Every structure is written in C-alpha cells, then in structure tokens.
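[1] Here is my input, please return the structure:
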Amino acid sequence: MQVPFGSDHGPALTASGLSLNWLVGLRWITVAAQASAVVVSNQLLPGELPVAALLGMVGLEALSNLALMLRLRQPKPLHPALPGLVLGLDILLLTGLLYASGGAANPFTAIYLVHITLAAVVLRGLWAWGLGLLSSLGFGLLFFWNVHVHSLAHMDHGQGGGLSLHLVGMWVAFAITAALIVAFVGRVTEALRQREEELAALKDLSARQSRLAALTTLAAGVAHELGSPLGTIAVAARELMHSAGELGPAGSELSQDAALIRQEVDRCRRILDQLAEPSGSMPGEACQPILWLELEAACTAELAPEDCARLAFDWPSGDCGTLPKRGLVRALKALLANALEATAPPSPVRVRARQPLDTWSLTVEDHGAGMSAEVLKHAGEPFFTTKAPGQGMGLGLFLARTFAEQLGGEVQIHSVAGQGTRVTLTWPGDAVHG
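    Below you'll find the predicted structure:
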C-alpha cells in the first residue's frame, strides 16, 4: 500500500466533486416537475396523452431514486460508474416520456440539453461524451417512432413520407449543440476542478505550516525553560566528578555516576537543539553542492558500528544538487533511524538515490514489521508514533516531509504489514533552497 501524506477517505463524490446526495435531491425535483407537467398537459390536451404510461415512467424514476438514496446510506463503497449509470437511466426515461407524448414534436425535448450539461459537469471523459451521444440518438429516434399527439404536431413536417430538410436540420443542430456543451462545459468544469485541487493543496500546506510554526514556538519555550535546569545539573555533575576524583579509588563508582549524568545532560541538550530547528534546516543556512559520499559520512558519524554495518548505500556519481546540507542530513538521519529501529539485526537497510528525469529520489527501504493501513494513514503527522513512551517523539517523518516540501518535493511511504517499509524523499534536480 502506498499513500501520499495527508490522504484520507471522504464521502462518495462524482468526478466534479459534487456529492451524490446532491444528485438525489435534483432527481426528486425532476420527478415532481415531470409529474406536474403530465397532470397539467392532460388538462390542456384532454384525451390525447397516455397519462397512465407517462405517470408509470415517472414512478419508475422515483423508485430508482429511492433505491439510490438507500444505497448511499450503506457503508459499502460505491462503484465509480454509478453516477453515469444514473444519468443514463434518466436520459432513457426522458426518451420514453417524449415517445409517449408526441416524440420530437414535443417542446420538452429541450430537456435533453439539461441532461447533457449535467453529464458534462458531473462526469468527465468518455462518460460525458457517451451520454451526449445517447441523448442525440434518443432525440433522433423520436423522429421515427413516437405516439402521435395531434395538438403538438408541426405543420408540413415529414410530408411525402420522409424526413423533411427542416427535421434533418433540427437533428444536426441538436447533435452539434450537444457536442459543444460537452466540450466547452467539460473544459470549464475541468479547469474549475483543477483550481479547487490547487486551492485544497494550498490550504493543506498552510495548515501544515501553521502546525510547524506552533511546533517552533513550543520548541523555543521548552528549550528556554529546560536550558537553565540542565545547565545547573551539568555544573553539579562536574563538581561531583571533581569531588569523586579527590576521593581516589573509593570515589570511582561515584565518578562513573557523575559521568553518566553529564552524558545524559548532553543528550538532552542535543534533543533540545533538534527541537529548536523543527523546519529541518537552519534559518539562513547557505546552500552548497553536496557529494553523496559526504552525505553518507555525515549521516553515519554518530551511529554505532553495528548499525553502520547494516546500511547498504547505492549512490550515483557526483553530487545531489545545491541544497542546505544540514537540513538534508537531518532528514536522511531521521529516515535511517526509523528504518534501523524497525529492522531486527542483522537484516540490512538499503539506501539508494536515483535521478530518472529532472527529479532526485532518495529511498530508504527496510525489512521490518511494516505498517498497517490505519497506521499508514497517520504516518508523518507531528507527534504521531507507535514507539513506546520515551522511545521517540513522532517527528522524524514530519521533519523529512517538511524539508522535502521546502524544496518543492514530497515524501511517499510504501508499506505492507509484515513486509517492510519503503520511504522515498524526492526533490527537483535544480532545487536551490534559500
């Protein structure tokens, strides 16, 4: 399973992003309008319309809409073709209504254009064109097969046993109008859809930047509050080591304890330094060409020898671009730390870099326990972690993602429970981060 950060499952939508519940409401309005039109037409044209057949088709549409409404209430996922099938059924029912009420002579044939426009807005691609063609065929067939209604008949249409030039022109004009509606409305709808996706992406990025700003504020406060106590502990540990040294061999155990305290203080200070730089790069950090071997050395400098032995690097020749070195090192170290913790020794962790086109990809792959689908949905969120308390803060993937986005790239995670995890960090080949 592979997911980009921030993906989620939402309500069933059509291709345009409109909820199918909206389509259900529109069909109820259509049912009411059609039933009213049949009743009014029967009053205006008494005895000329097959009212029972017309109301039967309206009732069929109402039953199909009730079935659709009940289906939407079920938790099971919907088939992607459902909106197109519903609109196709509506076009067939409209053709049946027109067939029983004068055919092409019925002025309500203009409603075909409403269905075509709706198909162009709600659907895309072949579905929209297919429903436009279905409407054109239905309209054309009404010239040949229909229930004649004397009051709706056109004068001199079809005299002499064939289609008049006027009727042929009506059919051609309808087909051209349908094609234009599908083409232009489809293009406008697609443009609006892309704009909405861009705005949603910007909104998501803004929300993440807000969380990053809040994290920065929190980190600064934590560093300020804990800096003084840690300094005091460090001074006390140094004095304790000095006192233990004066005791000679009797103070060796005390000296070891003091050294351990000093070591843990230094560790806490390093953690605070990391928290104080949550964006993944130092403000104002200069960009520089970074050799892959330099990146490897920087990332493995603080690792234990046994962990270094498990890392298998596959680097291309040359450098990885002009980037903030410290930010890239921190992003890769976070990915390596997660992979090493997830993989039981002596299984290896593989690291490789590639530039297939104009984009660099840096992949870290392990053979650990992998992630479940539920965990994968939240991976990369700040402070989300599956580690035991005190073993991690849930910021590694978040910082790597933030660094990649600063460069115009992204982070993707591919993971299957029991089969390991592959994390890929990408950025443009010409990225320069200032």
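[2] mind checking the SS state of Pro346?
    coil (DSSP: H, G, I helix; E, B strand; the rest coil).
[3] which non-adjacent residue is nearest it?
    Computed as Cβ to Cβ, 6 or more residues apart in numbering, the closest residue to Pro346 that is not its neighbour in sequence is Arg310, at 6.4 Å. Where you see a C-beta, it was placed from the backbone N, CA and C, and this is true even at glycine.
[4] Tyr112 now?
    Nearest to Tyr112 is Ser135, by Cβ to Cβ, 6+ apart, at 4.6 Å.
[5] and the gap between the one you found and Gln34?
    The gap separating Ser135 from Gln34 is 16 Å, by Cβ to Cβ, to the nearest Å.
[6] The two: which is more packed in?
    Ser135 (29 against 21; other Cβ atoms under 10 Å).
[7] Quick one: mean pLDDT for the helix or strand containing the residue nearest to Tyr112?
    Assigned by DSSP states H and E, Ser135 belongs to helix 126-141. Mean per-residue pLDDT for helix 126-141: 88.
[8] cool, stretch 32-50 as well?
    Rounded mean pLDDT across stretch 32-50 is 87.
[9] do the same with stretch 234-243
    81.
[10] Keeping just the C-alphas, turn it into CSV.
    Extracted in CSV, the C-alpha atoms of stretch 234-243 (Å, rounded to 0.1, in the frame of the first residue of the first chain):
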residue,chain,number,x,y,z
ALA,A,234,25.8,19.9,34.3
VAL,A,235,27.6,22.2,36.8
ALA,A,236,26.6,19.9,39.7
ALA,A,237,27.8,16.8,37.8
ARG,A,238,31.1,18.4,37.0
GLU,A,239,31.6,19.3,40.7
LEU,A,240,30.6,15.8,41.7
MET,A,241,33.2,14.4,39.3
HIS,A,242,35.8,16.7,40.8
SER,A,243,34.9,15.6,44.4
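[11] which residues in this protein form strands?
    With strands called from DSSP state E, the chain shows them at 2-4, 287-291, 311-314, 319-324, 349-354, 359-366, 410-416, 420-428.
[12] helices or strands up against the fourth one?
    In other words, strand 319-324. strand 287-291, helix 292-300, strand 359-366 (3 or more Cβ pairs under 8 Å, 6 or more residues apart in numbering; DSSP states H and E).
[13] Which positions in that strand come out as buried?
    Neighbour counts over strand 319-324 (16 or more other Cβ atoms under 10 Å) mark Cys320, Gly321, Leu323, Pro324 as buried.
[14] Could you verify my assumption that the second one touches Thr359?
    No - the criterion here is Cβ atoms under 8 Å, and Gly321 misses it with Thr359 at 10.5 Å.
[15] which helices and strands does the lengthiest helix in the chain pack with?
    Scanning the chain for the longest helix, with DSSP state H as the assignment, gives helix 165-246. Applying 3+ Cβ pairs under 8 Å, 6+ apart, one finds that helix 165-246 makes contact with helix 111-122, helix 126-141, helix 252-275, helix 396-406.
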